[in-house]
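Asks: Predicted coordinates and the sequence they were generated for:
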Amino acid sequence: DAGVIQSPRHEVTEMGQEVTLRCKPISGHDYLFWYRQTMMRGLELLIYFNNNVPIDDSGMPEDRFSAKMPNASFSTLKIQPSEPRDSAVYFCASSLRRGGSYEQFFGPGTRLTVL
Amino acid sequence: KNQVEQSPQSLIILEGKNCTLQCNYTVSPFSNLRWYKQDTGRGPVSLTIMTFSENTKSNGRYTATLDADTKQSSLHITASQLSDSASYICVVTPIGDSWGKLQFGAGTQVVVTP
């Protein structure tokens, strides 16, 4: 299995531009998560989906952030307009809740720099 | 206030030595507690998971312990190797199995030197 795939791995953009991060979860997993990681705040859960439906988006910082999951194999996290404080590493993770296991498998992350 | 506190923030150890990382939590009741290892530039990878009724779990040279009475967990690394250099993150899942309520520690940065 290829694991969780994220693209791009690195993104550098200017303030005000739209940024789209992409994620392909592990095939068969029914949960998908978007996280943000910074030195100051550590890992933060932004939003998660179950069977392509957003369940909890209380971690999304503000209206500039939006996430979609049009099908079981693809999700996007969009920031519009981007700001320098959005600079962070964004992780996508997927999980299959089965038999009491709650293990999440993380992708390699997208390092976003907003100038 | 963060409900999961990890210590130390960072540590340096010599290759071959043992070390212990601490995780103190206030989340209660909780469903499970997990330790992740995160290599630089990569996503976290699960090392161990313990339910509230377990008090120890091993994964190779990694051994996690849990004391539900004192609300403390530790991760012990035996005979450290250079590849153990990473950040180790403690994560607690509150009861009710709500993914949105996961509580993350800030992590302990471990550097293993030759």
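Replies: Arrived safely, thanks for sending.

Asks: secondary structure class for residue B:2?
Replies: Under the three-state scheme (DSSP: H, G, I helix; E, B strand; the rest coil), residue B:2 adopts coil.

Asks: ok, how many other residues are close to it?
Replies: By other Cβ atoms under 10 Å in any protein chain shown, the residues close to residue B:2 number 13. C-beta here means a position set from N, CA and C on the backbone, and glycine is covered the same way.

Asks: Which pLDDT value belongs to it?
Replies: Per-residue pLDDT puts residue B:2 at 70.

Asks: Pull the contacting residues for it.
Replies: The contact partners of residue B:2, taken as Cβ atoms under 8 Å, 6 or more residues apart in numbering or on different chains, are B:103, B:105-106.

Asks: In stretch A:19-31, which residues are buried?
Replies: Residues A:19, A:21-26, A:29, A:31 are the ones in stretch A:19-31 that count as buried (16 or more other Cβ atoms under 10 Å in any protein chain shown).

Asks: Tell me where chain B has strands.
Replies: B:4-7, B:10-14, B:19-25, B:30-38, B:45-51, B:56-59, B:62-67, B:72-77, B:86-94, B:103-104, B:108-113 (DSSP state E).

Asks: pLDDT on the fifth one, on average?
Replies: Which is strand B:45-51. Averaged across strand B:45-51, the pLDDT comes to 91.

Asks: Leaving out chain neighbours, which residue sits closest to the spatially most central residue of chain A?
Replies: Residue closest to the average C-alpha location in chain A (Cα atoms, centre = their mean): residue A:34, at 2.9 Å. Spatial nearest neighbour of residue A:34, excluding adjacent residues (Cβ to Cβ, 6 or more residues apart in numbering or on different chains): residue A:46 at 4.4 Å.
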